[in-house]
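[1] when you get a sec, could you give me coordinates for this:
(2 chains)
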Amino acid sequence: MNRSLFDFAPSAWIPLQDKEALERCRNLRREDMDITNENGYTARVVPHPSSCCAGVLFNYIYRSDVEDRKTVIVFPNSWRDIYVSVAETCNKFNISARNIHAFCMDEWADEDGNVAPITYGPSLGGHFLREFYLSFREDLRPPLSQMHYYTNENIGSYSDLLDETGNGGADLIISATGWIGHTAFIDPNTKKFSADSLEEFLQLKAGFVDNHRLTIVQNSGGWGGGDIYHTPRYSVSIGPRDVIHARDHVERHDLGYCGGYSSWERMISRLQIYGPVCKEIPASIYQLTKGVIYVSEEMARPIEPMDLVAF
Amino acid sequence: MPFVNKFETAPAEWLPIQDREAIDRVALMDFYKNQGKKFENSDFELKVVWDVHDYFAMDLFQRIRLSDVDDKKLVVILPSPEVAVFITVTEMLNKFGVSARNLHVFFLNEYANEKGDVAPWQSPYSKSGKFMKYFYDRLDPGLRMPRDQIHFFTRENCRGYSALIAAEGGADVAYTSLSWSGGIGAIDAETYPADTMEEFLGMGSAYVTPMLETIAHDSLRGMFGCSGDIGNVPPCAVTVGPKDLAAAKERIDVEFLAACGGTPAQQKFAAKMALFGPLDPKNPGSMLRLFPGTCYVSSQVALPPVYAPDEPWLEEKLEAIRANEESGKEI
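    Purely as a prediction, here's the structure:
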């Protein structure tokens, strides 16, 4: 958009204030989006990122079965459609998930630091257990002891448990991004994930998070349809260290509104993938890792004014 | 008595209303059941309708026609960008040869920057610019109002904008809409802090820094590419004040912003707070209930909210699996 008549700084609360970086990412075109960097970090624009992620997860489970290899995976939630389809496909082809060790990526918490129990309706761990674990046929399920979800007791040692189980880190982290640029609930401008440098930031472990205000807005979309008042203010989450320690990463950027144009994800997707690697955009640290981000064609459409569309 | 779930969390500390009982009650209110004139002012009405745009467009069209037929001044406060309605109304005015010569337009608000500069209407960042492009420019030249009857916000007039409206006799009608923050445009709980409703209703136009929730809401608008691009939304605004809305002879509030068949709908909770929440300056939309007017809520926004119920069976199920695993039995 032409700023010759009127220019402005981003709102003061926006973590990344670099106008040049914002403008560059805003103006990226589809043909510039398929990339692989020197770390093996790849962005692929595809029509249907969800099925790509399902395929990657399915393949990890299959390999863990046929190679009888312990495989540690960090799971975001709720990814119901993907998890149910993967489990049901494993059921159909008799693929055992016995070697899968799962770690839920994050969970809701209250203002006193209590982790939401899995029986809490919106519980992310509860979603995972219902939609992934219980979707497997009983003889193909991993032992329950290999399913790790957050509790009041384990939050202080969650990253260490993950490293210990995965011999230094997860084999795979599955992820998405957030409006403020988070991965998991690693939000910028929070007490939990404050750091003086990127190097320090990358060492931060799992813990109790005072979520960014925009994360509350984003999450409220699934809470009574925009109810910012009942959306939990706090969470627990893996830390940047867990992302860096993981050996492989797969992510999807396809969160549109009902297949329509409007999506809060379109701009932050570009910033995460093509913007600066910085703690102000926590998810940008994936650029330092090996992995693939599947971006939908919808998400890759231009960011430009559409006056005739209300939302 | 828990709201929906046994595990409860307090509202974020920055949210203006902290009364948990009120918040819980509001969340479960039903738009349909509370339609009609059931509010503090007996001439304020809630209507759930299929398509809010129809009502907004016909209301504005008819008022302009009456101003033409009766040759009478019509002063309106308009939100923007309401491009679809602007285009529909101009189609009607042109088709039926209705003159807008008596129309005086004031804007609900306009973007500004951190230095106090107001977006000029020629800028793509201007809300009033959308009015010019999709209303004024589309009108047959012979039906247009004189340009000096379109009152743009400027750096110089923003604090005196209320006086400009009053000088035209006050607004005949103010069209309003709520943002995710629960504010009426940029009139939100942070930009218009007041101890009492009386104090709040006396506050006029101002230069403000809207709440984060308002910026987020705006970043989904078509004018910014519907992409959540918060860095492309100007950080500040100039706005009419509660005083100007209170002084209008009538208010038409429109709530229609929804996606996914009504879930999510940014205006669902905001509209409930305005209609059923505390009558409080921290809940700016509630002021509408004190004056004659109509709040049109689309059927999509009015859909019941979805709150996930607890799953108490899950722990029991896992306990059974655990017990069987420990005893080495098949389930």
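
[2] every contact and neighbour count from this point should use C-alpha atoms.
    Will do.

[3] report the beta-bridge partner residues of residue B:106.
    Legend: beta-bridge partners of residue B:106 under DSSP bridges are residue B:77, residue B:151.

[4] which residues touch the nearest residue to residue A:274 once chain neighbours are set aside?
    Nearest residue to residue A:274 in three dimensions, chain neighbours excluded: residue A:25, at 6.6 Å (CA to CA, 6 or more residues apart in numbering or on different chains). Residue A:25 makes contact with A:267, A:270-271, A:274-275, according to CA atoms under 8 Å, 6 or more residues apart in numbering or on different chains.

[5] any buried residues in stretch B:72-88, and which?
    B:73-88 (16 or more other CA atoms under 10 Å in any protein chain shown).

[6] close to chain A, is the helix or strand bottoming out on mean pLDDT in chain B?
    Least confident helix or strand of chain B, by mean pLDDT, DSSP states H and E, is helix B:266-276 with a mean of 91. Yes: using CA under 8 Å from any CA of the partner chain, we find that helix B:266-276 touches chain A at B:266-270.

[7] centre of the chain to that helix, how far?
    With CA atoms, centre = their mean, to the nearest Å as the basis, helix B:266-276 stands 10 Å off its chain's centre.

[8] immediately after it, which helix or strand?
    The C-terminal neighbour of helix B:266-276 among helices and strands, as given by DSSP states H and E, is strand B:293-298.

[9] quick one: strands adjacent to that next one?
    Paired neighbours of strand B:293-298 in the sheet (DSSP bridges): strand B:44-49 (parallel), strand B:251-255 (parallel).

[10] now those strands in CSV, with mean pLDDT?
    Output for these, formatted as CSV (pLDDT from 0 to 100):
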stretch, mean pLDDT
strand B:44-49, 97
strand B:251-255, 96
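
[11] pick the most deeply packed of these.
    strand B:251-255 (a mean of 23; mean count of other CA atoms under 10 Å in any protein chain shown).

[12] hmm, who's touching that one?
    B:52, B:56, B:173-178, B:245, B:267, B:271, B:288, B:291-298, B:301.

[13] what about the helices in the stretch 1-150 of chain A?
    A:19-26, A:49-66, A:80-92, A:124-131 (DSSP state H, counting those that start in this stretch).

[14] need those helices in TSV with mean pLDDT, can you?
    Below are the helices of the stretch 1-150 of chain A laid out as TSV (pLDDT from 0 to 100):
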stretch	mean pLDDT
helix A:19-26	98
helix A:49-66	96
helix A:80-92	96
helix A:124-131	98
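
[15] please identify the deepest-packed of these.
    By mean count of other CA under 10 Å, these have helix A:124-131 as the most buried, with a mean of 24.

[16] got a list of what the closest residue to chain A within the stretch 101-250 of chain B touches?
    Using CA to the nearest CA, the closest approach of the stretch 101-250 of chain B to chain A is made by residue B:228 at 3.7 Å. Applying CA under 8 Å, 6+ apart to residue B:228 gives the contacts A:179, A:263-268, B:216, B:219-220.

[17] closest to residue B:42 among these?
    residue B:216 (34.4 Å; CA to CA).

[18] run a quick neighbour tally on that closest one.
    For residue B:216, the neighbour count with other CA atoms under 10 Å in any protein chain shown is 23.

[19] residue B:52 now?
    Residue B:52 has 21 neighbouring residues, counting by other CA under 10 Å.

[20] so it makes contact with residue B:294?
    No: counting by CA atoms under 8 Å, residue B:294 is not a contact partner of residue B:52; they are 11.4 Å apart.

[21] give me the angle between the least confident helix or strand of chain B and strand B:44-49.
    Interaxial angle, helix B:266-276 versus strand B:44-49 (axes from the mean of the first three to the mean of the last three CA atoms, to 10 degrees): 150 degrees.

[22] contacts for helix B:266-276 next, please.
    A:221, A:224-228, B:23, B:26-27, B:29, B:31, B:178-183, B:217, B:255-258, B:283-289, B:301-302, B:305.

[23] try 7 Å this time
    A:225-227, B:26-27, B:178-182, B:255, B:257-258, B:283, B:285-286, B:289, B:301-302 (CA atoms under 7 Å, 6 or more residues apart in numbering or on different chains).

[24] same check, this time on stretch B:293-313
    Contacts for stretch B:293-313 (CA under 7 Å, 6+ apart): A:119-122, A:223-225, B:4-5, B:30-31, B:43-52, B:250-256, B:258, B:261-262, B:265, B:267-268.

[25] ditto for stretch B:156-174
    With CA under 7 Å, 6+ apart, stretch B:156-174 has contacts from B:74-78, B:204-207, B:238, B:240, B:244-245, B:247-252.

[26] let's see that with 6 Å instead.
    Applying CA atoms under 6 Å, 6 or more residues apart in numbering or on different chains, the contact partners of stretch B:156-174 are B:75-77, B:204-206, B:248-251.

[27] thinking again about what came up before, between the helices of the stretch 1-150 of chain A, which one is closest to residue A:42.
    Here helix A:49-66 is closest among the helices of the stretch 1-150 of chain A (CA to CA), at 13.4 Å.

[28] just the C-alpha atoms of that closest one, please, in CSV.
    Extracted as CSV, the C-alpha positions of helix A:49-66 are listed here (Å, rounded to 0.1, in the frame of the first residue of the first chain):
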residue,chain,number,x,y,z
PRO,A,49,-0.8,-28.9,3.8
SER,A,50,-2.8,-31.0,6.2
SER,A,51,-2.6,-34.1,4.1
CYS,A,52,1.2,-33.5,3.7
CYS,A,53,1.6,-33.4,7.4
ALA,A,54,-0.6,-36.5,7.8
GLY,A,55,1.7,-38.2,5.3
VAL,A,56,4.8,-37.3,7.2
LEU,A,57,3.4,-38.4,10.5
PHE,A,58,2.1,-41.6,9.0
ASN,A,59,5.5,-42.4,7.5
TYR,A,60,7.3,-41.8,10.9
ILE,A,61,4.9,-44.3,12.5
TYR,A,62,5.4,-46.8,9.7
ARG,A,63,9.2,-46.6,9.9
SER,A,64,9.1,-46.9,13.7
ASP,A,65,7.2,-50.1,13.2
VAL,A,66,9.1,-51.8,10.4
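
[29] between it and helix A:80-92, how big is the angle?
    30 degrees.

[30] centre of the chain to helix A:49-66, how far?
    With CA atoms, centre = their mean, you get 17 Å for helix A:49-66.

[31] residues in contact with that helix?
    A:82, A:86, A:96-97, A:99, A:252, A:294, A:296.

[32] could you export those residues as JSON lines, including distance to chain B?
    Shown next, in JSON lines, are the contacts of helix A:49-66 (distance: CA to the nearest CA, whole Å):
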{"residue": "A:82", "distance to chain B": "19"}
{"residue": "A:86", "distance to chain B": "21"}
{"residue": "A:96", "distance to chain B": "15"}
{"residue": "A:97", "distance to chain B": "15"}
{"residue": "A:99", "distance to chain B": "15"}
{"residue": "A:252", "distance to chain B": "16"}
{"residue": "A:294", "distance to chain B": "18"}
{"residue": "A:296", "distance to chain B": "14"}
